[in-house]
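In: Show me the folded form of this:
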Amino acid sequence: MAPKYSEVYPLVVRRDEIGSRWGLNGYLNMRYEELIDRKACKGFSITPIVRMNVSTLERAGAALGKVELARILEDRIQNDHQLRRPFEAASRFVHRGTPRNLTAHLDALGELQRRTVADFGIVEG
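Out: Down below sits the predicted model:
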């Protein structure tokens, strides 16, 4: 049986602002590449590891209603191959400042929760 998914997007989301420091993502990815066994992951395309903080994820909420998270991560990687800049400095989809359209973000989270419950057959017990 063929795998359901063929692409893997490693993502680290931090609660604190360390997730937005210049150069940190590049360092993290360098260490990640030293540890990953790509031979064991044949059949999968694995992108560089991407990190952001929670406030960056919240600011991505407006775009998540229109664009898949995978596309947002790809955009961040393509705009800064060395992964040296903070996420919002290398993304067309994530702006700086306070989150916009937060209600859309909450609606998307609700839909994600509904799909997760349905996909995994979770029932209240």
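In: how far away is the residue lying closest to residue 48 once chain neighbours are set aside from residue 51?
Out: Distances taken as C-beta to C-beta, 6 or more residues apart in numbering put residue 29 closest to residue 48, at 4.6 Å, once the chain neighbours are dropped. From N, CA and C alone the C-beta is placed, and that goes for glycine too. With the distance defined as C-beta to C-beta, to the nearest Å, residue 29 ends up 9 Å from residue 51.
In: Same check on residue 84?
Out: Applying C-beta to C-beta, the value for residue 84 to residue 51 is 12 Å.
In: which residues do the two both contact?
Out: Applying C-beta atoms under 8 Å, 6 or more residues apart in numbering, one finds that residue 84 and residue 51 are jointly contacted by residue 25.
In: Would you mind telling me which of residue 29 and residue 51 has more residues around it?
Out: Remark: of residue 29 and residue 51, residue 51 carries more neighbours, 22 against 19, as counted by other C-beta atoms under 10 Å.
In: Residue 25 is in contact with the more buried one, correct?
Out: Yes - using C-beta atoms under 8 Å, residue 51 is in contact with residue 25, at 5.1 Å.
In: Now do the shared contacts for the two.
Out: Each of residue 87 lies in contact with both residue 51 and residue 25 under the rule C-beta under 8 Å, 6+ apart.
In: Do a quick rundown of the helices in the protein.
Out: Secondary structure of the chain (DSSP state H): helices at 24-35, 54-59, 61-64, 69-79, 102-120.
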